[in-house]
Structures are given as C-alpha cells and as structure tokens.
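S.K.: coordinates for the following, if possible.
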Amino acid sequence: MDKNYCKDPWLAVNLSMFFPGMGQFYAGNYLQGVLFLNGQILWLVLTVWHIFASQGNTVTGFICLGMTIIFYLSNLIEAYFSVYKAINDPNLEKIPRHHKNLWFAIFISRILPGLGHLYLQKPIIGLLLLTISSIFMIFDDFYANFFFVIPLISSLTIYYTYLIFPDSRNAKIRLLIVIMTGIIFILGISINYYPQWLEKHFDKFIIPSDSMQPTLQVNDIVFVKKSPNYVPKMGNIVVFTPSENIKKVDPDVSEYYIKRIIATPGNEIEIKQGQVYLNHTAIKEPYIAESPQYQLQSLIIPAEHYLVLGDNRNDSFDSHIWGLLPRKVIVGQAYKIGWPPQRIQPLVSY
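M.R.: Below you'll find the model as predicted:
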C-alpha cells in the first residue's frame, strides 16, 4: 500500500453521484473520468432526443434511459474501486461496519435521509428523519409547493451527519461538506422542479375516438407541445379544451379534443361539393378519410379564431357543427405519436 495515498473510496462515490466522472477525477484516473463524463452526457442527450423530438423513437428513448441508469450505477462502482484498488489494503472493509466511515454515512444519507444516522447508531434521530422524509415525499406528489422540502432535509441531514461524526473536525472536510450540501440542495430543487417544468411545456393525450382517422387511431398516445406564445398554423394538429360553443351543442363534453387547423385568422374558408376551399382555392388534403359530405358557407375567420376539422370528415365533432375555435382554449400542438411502438411517427403539418 502507498502510505501517501490517503483518498477515500466512499468520497469518490459521493463525488460521482453528482455527475459521472467526478469520482474518477478525484482518484486520478482522468481517462476513465473523461469517458464516464462524456458517456453520460451522450446517453442523456439520446434519451431526451428520442423521447421528446418528433423524429425520435420513444422505444429507443426508453432503452437509452435504461442505459443511462446502468451507466450511472457503473460509474459509482468504478469510482469506488478506482480508489479501493489503489489503497491495496486487504484489511480494508468494502462496507465499513466496524470502522465507521463519514463518507459512507453521507452516501446512504443521500439515498434516504436517516439511514446515515442509523448507521452511526443514532436510532432515534435516524427513525425521525426517515419518518419526516417519507411523509414529505408523499406530500411532494400532491403539493407542488413542497418541491424544495426534501432537498432541504437531505442537505441539512448530511451536514448534521458530519457534525455528529467523531473525529471529523477538519477545516478542509468541513468546507467540502458545506459545498456538497449546497450543491445537493440546488440539484435537488432542480430535479424536483423538472416534472413541473415538463408539465408546463409538454403533455400527452390519448386518442379517445376515430374522428382523426386515418392519421390518428383510437388509443394512440400523442405528445403535445404547450406554449403561451404558440400561434397555430394551417395543417397543425392541436389539442384544446371545450369552448363555450362546444358546451352549448353538447352538454356531455369531453375534457380535451384534438383536430386539425384548416383555416387561420384573416383567411376565407368554404366547403362545397366535397372540397375545402381556402381563399377560393381548393386545398389538397391527403390525410382525410373521405371527402366531406356537408356544405359550409363562405366565411372569413376573425382574429384569434380558427376553423378546425377532424381528418375523418364525416364522423367528427368539429367546427362544421359547433363553429370556430377561440385561440385561448388551445392547449398546444400535437407533434408526435409516441405510443404504441408500431405507430411511433411525427405528425406532419400539411
């Protein structure tokens, strides 16, 4: 064993928990650090692109997500052994049971607040922290405003773990603990807030009827981009909540509807003899099930309103029945069929 080698394998694990490669850099294995760092970034990018991009394959995205998790866990194991093997001490415990280890206590505290205190034989405070964190994890699922509580509990627990650990009064260790608790708190808030951010920008919608056939089939899951600044364009497929016009026609309204934008504000629309005319010009519609068997008198679309129709023209509850759609009820643009696997494809705007 190199007597000058005083690094701790569990500190390497804690560092790699922040992001793959950091524990390897700490151990001095810079090549492995670069590989793990870039590899994790690559898997994350592939996961996000395949799941959320219109051209991505959702199944491939979930496979990439699984690989991201496996890669992350492999990084923790490799970070540990990078230091453990360098110490080269056969008497060193892989799991420090007899000789308590501060960094192991912090590691399990990061997994679940309270575990570190149980490990340090502080059962009362350990069980109390486990109970409190479990309660707030449940509240966090129902109350969005609690998203900061678990990160706060985790960071305070880790600092308290340091305080009660014997022989830990070292200025460098204390500084490192303070930095780690700050990063854990910030990262925890970011991770907990991410689902709320995602919900504000993306949604999914299950097709309940055949009104958009052949483009959309019943039980297709479509992904929807939401934005307050979204301006629908002709050919976009949009998801919207029922307007007052819809409620007047059908009291048993659905929570959401999905149709295609056919005419935008300022354009003149007319349907006659099985053909849609936009500004007196017949438009091509390769996406429809069959030609419309109804008439719609010529009208100019007013500001902030749209004419929407289902692709299954003769079996669709749409603008030819209940009138124009106000922009304010539009949730967003449906841009991709994300499920089932055999139906995954981008939704093309014509």
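S.K.: below-threshold pLDDT in this structure: ranges please.
M.R.: Scanning the chain for pLDDT under 70 picks out 1-5, 140-147, 167-169.
S.K.: can you list the domains in it?
M.R.: 9-201, 207-346 (automatic domain parsing).
S.K.: just the helices in this structure please.
M.R.: 9-18, 22-27, 30-52, 58-87, 102-111, 115-119, 123-142, 149-164, 171-201, 244-249, 319-322 (DSSP state H).
S.K.: residue 337 is nearest to which of these?
M.R.: Counting by C-beta to C-beta, residue 337 lies closest to helix 58-87 out of the helices of the chain; the figure is 8.8 Å. Every residue, glycine included, has its C-beta placed from N, CA and C.
S.K.: buried residues in that closest one?
M.R.: Neighbour-count burial for helix 58-87 flags 58-61, 64-65, 68, 71-72, 75-76, 78-80, 82-84, 86 (criterion: 16 or more other C-beta atoms under 10 Å).
S.K.: again, but for stretch 185-200
M.R.: Across stretch 185-200, burial judged by 16+ other C-beta under 10 Å covers 185, 187-189, 192.
S.K.: please apply the same query to stretch 21-34.
M.R.: By neighbour count on 16+ other C-beta under 10 Å, the buried set for stretch 21-34 is 21-27, 29, 32-33.
S.K.: which residues does residue 233 contact?
M.R.: Contact analysis of residue 233 by C-beta atoms under 8 Å, 6 or more residues apart in numbering lists 261, 264, 349.
S.K.: give the contact list for the second one.
M.R.: For residue 264, the contact set (C-beta under 8 Å, 6+ apart) comprises 232-234, 301, 306.
S.K.: isn't residue 255 up against residue 241?
M.R.: Yes. With contact defined as C-beta atoms under 8 Å, residue 255 reaches residue 241; the gap is 7.1 Å.
S.K.: who's more crowded, the two?
M.R.: Between residue 255 and residue 241, counted using other C-beta atoms under 10 Å, the more crowded position is residue 241 (14 against 8).
S.K.: now residue 48. Nearest residue, chain neighbours left out?
M.R.: Setting aside the residues directly before and after it, residue 48 is nearest to residue 61 in space (C-beta to C-beta, 6 or more residues apart in numbering), at 7.8 Å.
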